[in-house]
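Enquirer: what's the 3D shape of this:
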Amino acid sequence: MLYPLRKTAYACVYEVVRDVFENGTMLQGTMSTPQLETPEGSINAVSARAVTRNRETAVLAVNLTDRPCRFILKLDGKIHDQSLVHEAMVFGDPAEVVVLGFDDAPLKPVQNERGMVTLPPLSVNRISGVEQISQKR
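Expert: Presented below is the predicted three-dimensional model:
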């Protein structure tokens, strides 16, 4: 091989999104989040969707703010207070050029207290290890 294979932030985010959503069933849900004002209008500061696949549930959450954000996960109306696996791809700056080795995992573990999830600033997050829930669509 003449050069090392690399992947950009776009490829990394695509890899995370595909890993969470591929062959899954998206669950119904609602979010309460502040709005960010842009020249084109307002957008959610945090966005998240839950997916179930093979009796396992995972959440993809994106924090567009420059501050950590507490993320409260409610399943079937109850706050999820069990241990979770939280991994994130964090950007230091929105204009940052991210290039990883082809075999490098884009997500890094994030430590949280049991039952509490804090999304890092400017991050794409996968939250897994969520207990089995009913599939309300």
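
Enquirer: how much space between Gly41 and Gln35?
Expert: 9 Å (C-beta to C-beta, to the nearest Å). Using the backbone N, CA and C atoms, a C-beta is placed for each residue, glycine as well.

Enquirer: swap in Arg70?
Expert: 17 Å.

Enquirer: Any stretches of this structure with poor pLDDT?
Expert: Judged by pLDDT under 70, the chain has its weakly predicted residues at 1-2, 131-137.

Enquirer: Let me see the ranges of the helices in it.
Expert: 9-21 (DSSP state H).

Enquirer: Name the residues that touch stretch 43-56?
Expert: Residues from elsewhere that reach stretch 43-56 (C-beta atoms under 8 Å, 6 or more residues apart in numbering): 20-27, 29, 31, 33-36, 57-65, 69, 71, 75, 119, 128, 130, 132-133, 135.

Enquirer: And stretch 21-38, by the same measure?
Expert: Taking C-beta under 8 Å, 6+ apart as the rule, stretch 21-38 contacts 42-53, 57-58, 60, 64-65, 133, 135-137.

Enquirer: With just CA atoms, put that stretch into PDB.
Expert: Extracted C-alpha coordinates of stretch 21-38, given in PDB (Å, rounded to 0.1, in the frame of the first residue of the first chain):
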ATOM      1  CA  PHE A  21     -30.200   2.800  12.500                       C
ATOM      2  CA  GLU A  22     -29.500   0.000   9.900                       C
ATOM      3  CA  ASN A  23     -32.100  -2.800  10.100                       C
ATOM      4  CA  GLY A  24     -33.700  -1.200  13.200                       C
ATOM      5  CA  THR A  25     -37.200   0.000  14.000                       C
ATOM      6  CA  MET A  26     -37.400   3.700  15.000                       C
ATOM      7  CA  LEU A  27     -39.300   4.300  18.100                       C
ATOM      8  CA  GLN A  28     -41.900   7.100  18.600                       C
ATOM      9  CA  GLY A  29     -40.600   9.800  20.800                       C
ATOM     10  CA  THR A  30     -40.700  13.500  21.800                       C
ATOM     11  CA  MET A  31     -38.000  15.800  22.900                       C
ATOM     12  CA  SER A  32     -37.800  19.000  24.900                       C
ATOM     13  CA  THR A  33     -34.800  21.100  24.000                       C
ATOM     14  CA  PRO A  34     -33.800  24.700  23.700                       C
ATOM     15  CA  GLN A  35     -33.600  26.300  20.200                       C
ATOM     16  CA  LEU A  36     -30.500  27.600  18.500                       C
ATOM     17  CA  GLU A  37     -31.100  30.700  16.400                       C
ATOM     18  CA  THR A  38     -29.500  30.700  13.000                       C
END
